[in-house]
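Enquirer: can't give you the sequence, but here's the structure:
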């Protein structure tokens, strides 16, 4: 199941068919049916994570853990360089006759810097990837999709049987069906 | 894989120990006995009796010994009586630090090494089994759903803790005079002003005395055992109850909370009395947490290995890669936790560099450098670097290899708490050590396998069993 290019803003997309759900189980059923019917789902919007949905939709594993690893390595390297420059090269200080080079006192600094960079890096890339960076206008398909409603969005176009999509949605518990063209939504 | 949202049939499973499993456990015990036998046969018995009083060392060597043995500052004037042990009498010698001359003259029979090994393995298995009980309690307190499907495994492991306790306790009863130099000191009944009087040990004697030493752990174990038995019987009763009856679950939460509080406050006492008091002049305030971390990560590892074994034999049908993944995460996370605690203890002592605190690490760093570093490699670097990857945590083969490394690593950790303190320098993990580990390890495995057969593997009426069956941590 291919995931449609998400980098495109919702405003710039073709006509979309929206189904609104209030029941999580029925939403999962409908998603499953649409996938089986080889309908390309643009995305499913839920106010909270719904278990199993990502497997049905065929969402690939996130790169976030690899980003986290790289951020951690960056933090470790930066801290290592910082300590080495400050404490060994530039201004060595004899504290209690402890060794200056590679001594256990480096460990907490290395650890903290690694954790700090990992956490900040993950948070930044998570929000960046989810288009939740400051300045981006939120694109809600339904005002209640962050509250108690769930939305399945299907982009129409060549090879999309609109009637079939709407039938599947209706048969699997959609409480409302809508059509979206540009910024205008009309209830079907 | 738990796709969720479809009904998963919850059926009871009855475990019967496969012949291969029994043979493995018994074989491990026999192999252990053989190795231990060879180890005992090759102990240098002559070394233990005669060399305690050799005083022919030159002043230079003397100074070296004082530095090596981690002689503490209080003791500078007492080094005259310090007995230098010759290199080839390695196994039972009295070069250990300790401020009193008497201690260095204490001859230890060669059997001390056997009892120290029984203590190490008994203590480890005792702590690990108890930590498994703590795992069960934590799941109840945290209202955890995912673990319901594997719950019977830690419950079975927990039944071993009285046995581990008895093992360690027998070793202590028989050899406490040699294993703990403060016991030896206590028997001399010295008062202030007498030669050989030790102000530090005297000051600790309100707590560190034979009565406390023997009675306190027995009382604690009795309390833990009663609470553990209660949790177990509730769990059994739940299986036979009406589906949907949560009264057993609610009661279990209360008993678990009680157990967790008592365990949390008292597990350190056993660690102080049995492990920390080997180096009786030394103390570390984080020692209880350190011992808990060791036992906890080992318990999680053993739980994971038993789950993998049962899974490979076709049992625990509700357990999926998701549960295995979570156990792998636990092994990974608490290996880091162990390292964190280990380093916290080491770093403060290293920084402050107070002689009386340094003594513990000085001997371990200078005389046991290999073991000191091996400890970090086995218990931190291996799990950290390998289990970091997601696929490794979901791979039974990788988990088994890392699990074996961790079990040996934490055995080695406990060994390093005991051996340098009891014998001074010159010890190494040999056939006797490995043999003792295998012997009691085999008995432990056999015991747990039998305990697993005692009742169904699936807590069918557990309120969260359905949730556990659907457990899914996502892509």
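Expert: Nice, I can see it. Keep in mind that what you see is a predicted model, and the values were worked out from it rather than measured.
Enquirer: what does chain A put close to chain B?
Expert: Contact residues (C-beta under 8 Å from any C-beta of the partner chain) of chain A with chain B: A:25, A:28-29, A:49, A:51-52, A:54-56, A:59-62, A:65, A:69, A:96, A:98, A:104-105, A:107-108. Backbone N, C-alpha and C define where each C-beta goes, glycine included.
Enquirer: How many residues are close by the residue of chain A found nearest chain B?
Expert: Minimum separation of chain A from chain B (C-beta to the nearest C-beta) falls at residue A:52, amounting to 3.5 Å. Using other C-beta atoms under 10 Å in any protein chain shown, residue A:52 is surrounded by 20 other residues.
Enquirer: And the strands in chain A, which stretches?
Expert: Under the criterion DSSP state E, chain A carries strands at the ranges A:16-21, A:41-45, A:150-155, A:176-181, A:184-187.
Enquirer: any low-confidence regions in chain A?
Expert: Within chain A, the set of residues satisfying pLDDT under 70 comprises A:1-9, A:11-12.
Enquirer: let's see it at 90
Expert: Across chain A, the ranges flagged by pLDDT under 90 are A:1-16, A:37-43, A:49-55, A:58-63, A:93-104, A:126-146, A:155-163, A:173, A:179-188.
Enquirer: List the buried residues of the lengthiest helix in chain A.
Expert: Criterion DSSP state H: the longest helix present in chain A is helix A:106-129. Neighbour counts over helix A:106-129 (16 or more other C-beta atoms under 10 Å in any protein chain shown) mark A:106, A:110-111, A:113-114, A:117-118, A:121-122, A:125 as buried.
Enquirer: repeat for stretch A:130-149
Expert: By 16+ other C-beta under 10 Å, the buried positions in stretch A:130-149 come out as A:141-142, A:145, A:149.
Enquirer: Can you give the distance from that stretch to the centre of its chain?
Expert: In terms of C-alpha atoms, centre = their mean, to the nearest Å, the centre of stretch A:130-149 is found 12 Å from the chain centre.
Enquirer: which residues sit against it?
Expert: Outside stretch A:130-149, the residues within contact range by C-beta atoms under 8 Å, 6 or more residues apart in numbering or on different chains are A:9-11, A:18, A:20-22, A:45-47, A:127, A:151, A:153, A:180, A:185.
Enquirer: All the helices of the stretch 351-475 of chain B, residue numbers only.
Expert: In the stretch 351-475 of chain B, the segments counted as helices under DSSP state H, counting those that start in this stretch are B:355-366, B:369-376, B:382-387, B:390-393, B:396-423, B:431-453, B:465-469.
Enquirer: before we move on, back to that, export the strands of chain A to CSV and tack on mean neighbour count?
Expert: As requested, the strands of chain A are exported to CSV (neighbours: other C-beta atoms under 10 Å in any protein chain shown):
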stretch, mean neighbour count
strand A:16-21, 22
strand A:41-45, 20
strand A:150-155, 23
strand A:176-181, 16
strand A:184-187, 9
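Enquirer: Would you point out which residue is most central in chain A?
Expert: With distances taken as C-alpha atoms, centre = their mean, chain A has residue A:130 as the residue nearest its mean C-alpha position (4.5 Å).
Enquirer: and if you look at chain B?
Expert: residue B:124 (2.7 Å).
Enquirer: Nearest spatial neighbour of it, chain-adjacent residues omitted?
Expert: Spatial nearest neighbour of residue B:124, chain neighbours left out: residue B:414 (5.0 Å); criterion: C-beta to C-beta, 6 or more residues apart in numbering or on different chains.
Enquirer: Surely the residue of chain A closest to chain B touches residue A:28?
Expert: Yes: Residue A:52 is within contact range of residue A:28, at 6.2 Å (criterion: C-beta atoms under 8 Å).
Enquirer: Distance-wise, check residue B:351 relative to chain A.
Expert: Look at residue B:351 and chain A: by C-beta to the nearest C-beta, to the nearest Å, they are 7 Å apart.
Enquirer: just residue B:317 next, same as before
Expert: If you measure residue B:317 against chain A using C-beta to the nearest C-beta, the figure is 19 Å.
Enquirer: what is the orientation angle of the helix or strand that contains residue B:322 with helix B:369-376?
Expert: In the assignment (DSSP states H and E), residue B:322 maps to helix B:321-352. Counting by axes from the mean of the first three to the mean of the last three C-alpha atoms, to 10 degrees, helix B:321-352 points 140 degrees away from the direction of helix B:369-376.
Enquirer: So for helix B:321-352, mean pLDDT?
Expert: The average pLDDT within helix B:321-352 is 95.
Enquirer: Which strands or helices does that helix pack on?
Expert: Packing contacts for helix B:321-352, counted by 3 or more C-beta pairs under 8 Å, 6 or more residues apart in numbering or on different chains; DSSP states H and E, involve helix A:106-129, helix B:287-312, helix B:355-366, helix B:369-376, helix B:382-387, helix B:390-393, helix B:396-423.
Enquirer: one more time with 10 Å
Expert: Contact here means 3 or more C-beta pairs under 10 Å, 6 or more residues apart in numbering or on different chains; DSSP states H and E; on that basis helix B:321-352 packs against helix A:106-129, helix B:287-312, helix B:355-366, helix B:369-376, helix B:382-387, helix B:390-393, helix B:396-423, helix B:465-469.
Enquirer: In the fourth one, which residues are buried?
Expert: Same thing as helix B:369-376. Judged by neighbour count using 16+ other C-beta under 10 Å, the buried positions of helix B:369-376 are B:371-372, B:374-376.
Enquirer: Specify which member of those is nearest to chain A.
Expert: Chain A has its nearest neighbour among those in residue B:376, at 11.0 Å by C-beta to the nearest C-beta.
Enquirer: any idea how far that closest one lies from residue A:13?
Expert: Distance, residue B:376 to residue A:13, using C-beta to C-beta, to the nearest Å: 55 Å.
Enquirer: Now intersect the residues of chain A next to chain B with the helices, please.
Expert: Cross-referencing those against helices under DSSP H gives A:25, A:28-29, A:54-56, A:65, A:69, A:107-108.
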